[in-house]
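>>> would you be able to build a 3D model of this:
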Amino acid sequence: MNELSQQAMQERLYLAEQALQRCERLATASQYASVVMHEVNNYLEGIINLVYLTKLNINAPDQVMGNMEAIEKQLRMLGSVTRRSLTFHREHSEMKEVNLVEIVQSALKLHEDKINKHDVKVDIQFADSAVAPVREGEILQVISNLLLNALAALPPSNGRLCIQVTDKHPWVQIVIADNGEGIPDDLARNLFEPYVTGKPSGTGLGLWLSKRIIAGHSGTLQFTTSHSAESSGTSFCISLPTSIAA
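Below you'll find the model as predicted:
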C-alpha cells in the first residue's frame, strides 16, 4: 500500500471514529432527555392528583392547606429537575439527613387518589425514624416510580401493597411489595436496562434511572418476584447507608 493509500485509509478511519463519537453523544443526549421527561411527568402527575384531592376537600381548610404545601414542594422539586437538566449534570447536588419515613409518606400522599380509586389495601410498617443522608427529591422520585409500578401490577380486585421502612444500622431499608402476577422471566433478566418495559406505553427508563440514583447514594436496589399461584407478586428493596462513606 503506497503512502497516498495509507493516508486515505487513516482519513477514513478518523472520519468513521468522529461519526461514531457523534452518534454516541446524540444517543446519550436522547436518553438523558427521555429521563428528564420521565421525571417531569412523575412530578406533574403528583401535582394533578393533589389538585384533584384539593377540589374534593375544598371545604376542609386543614386538608386544603396540607395539599397546597405538598404541591409547593412538588413544584420546587420540579424546578430542581429543570435546573439540573440545563447543566446536563446530576451527581453533585447536596445530600442532607432526612427521615425516609417522611419521604415514603409523601410518595403515598401523591398517589393517594389512585390507591383509593382502585380500593387497594396498603399494609404499612414504618420505623419511628429512619434517617439517612440523601438527595430528597431523587429518593422521592425513586419511591414514587416503584409505587406507580406496583399499582400498575396489581390485580383488578383485592390488590395489596406492603410498604416497610426499617432502620437496620448501618442501613435503612425501604421495601415496596405487590401481589401482582410477578415479572415475566424474560423481563426480569434485564429489568434495570434502559428501554426494557412490560408496559405498552412505558418508556423503560424508570427502573434504570432508579437504579442509577440509588447507586449514586452508595446504596442498592434489588427485587424478588414470584409467579406462584399461592404467593405471586414482586418486592423491591432499597438499601441506603445511614452515613456518607469517607
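
>>> make it CA atoms for all contacts and neighbour counts henceforth
OK.

>>> excluding covalently adjacent residues, which one is nearest to the spatially most central residue of the chain?
In the chain, the centroid-proximal residue (CA atoms, centre = their mean) is residue 142; its distance is 2.7 Å. Spatial nearest neighbour of residue 142, chain neighbours left out: residue 210 (5.2 Å); criterion: CA to CA, 6 or more residues apart in numbering.

>>> which SS state does the one you found fall under?
Classification of residue 210 by DSSP: H, G, I helix; E, B strand; the rest coil places it in helix.

>>> neighbours around it, how many?
Using other CA atoms under 10 Å, residue 210 has 22 neighbouring residues.

>>> is it true that it touches residue 144?
No. With contact defined as CA atoms under 8 Å, residue 210 does not reach residue 144; the gap is 10.0 Å.

>>> please enumerate the helices of the protein.
3-56, 61-87, 100-110, 112-117, 136-153, 185-188, 206-216 (DSSP state H).

>>> now do stretch 177-197: distance from first to last residue.
18 Å (CA to CA, to the nearest Å).

>>> er, stretch 94-114 actually
32 Å.

>>> for that stretch, what is the average pLDDT?
Mean pLDDT, stretch 94-114: 87.

>>> list the buried residues for that stretch?
Using 16 or more other CA atoms under 10 Å as the burial criterion, the residues of stretch 94-114 that qualify are 98-101, 103-104, 106-113.

>>> export the residues you listed to a markdown table and tack on distance to residue 232?
Listed next are those as a markdown table, based on distance: CA to CA, whole Å:
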| residue | distance to residue 232 |
| --- | --- |
| 98 | 33 |
| 99 | 31 |
| 100 | 27 |
| 101 | 26 |
| 103 | 27 |
| 104 | 24 |
| 106 | 27 |
| 107 | 24 |
| 108 | 23 |
| 109 | 26 |
| 110 | 26 |
| 111 | 23 |
| 112 | 24 |
| 113 | 25 |
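
>>> contact partners of stretch 149-156?
115, 118, 160, 161, 176, 177, 178, 179, 180, 181, 182, 234 (CA atoms under 8 Å, 6 or more residues apart in numbering).

>>> same question, stretch 52-60
So stretch 52-60 is contacted by 63, 64, 67, 68, 113 (CA under 8 Å, 6+ apart).

>>> and those residues, which of them are buried?
If we count by 16+ other CA under 10 Å, the contacts of stretch 52-60 have these buried: 64, 67, 68, 113.

>>> ok, now how distant is the nearest residue to the last one once chain neighbours are set aside from residue 180?
Nearest residue to residue 113 in three dimensions, chain neighbours excluded: residue 49, at 6.4 Å (CA to CA, 6+ apart). For residue 49, the distance to residue 180 (CA to CA) stands at 23 Å.

>>> between these two, which is the more surrounded one?
The neighbour comparison of residue 49 against residue 180 (other CA under 10 Å) goes to residue 180, with 24 against 19.

>>> contacts only, for that one.
Residues near residue 180 by CA under 8 Å, 6+ apart: 150, 153, 154, 155, 159, 232, 233, 234.

>>> let's go with 6 Å and repeat that
For residue 180, the contacting residues are 153, 154, 155, 233, by CA atoms under 6 Å, 6 or more residues apart in numbering.

>>> and residue 45, by the same measure?
Residue 45 touches nothing, counting by CA under 6 Å, 6+ apart.

>>> tell me the domain ranges of the chain?
Taking automatic domain parsing as the reference, the chain has its domains at 1-90, 93-241.

>>> just say which of the ones you listed is most tucked in.
For the domains of the chain, average neighbour numbers computed from mean count of other CA atoms under 10 Å are highest in domain 93-241, which has a mean of 18.

>>> for that domain, the distance to its chain's centre please.
Relative to its chain's centre, domain 93-241 lies at 8 Å (CA atoms, centre = their mean, to the nearest Å).
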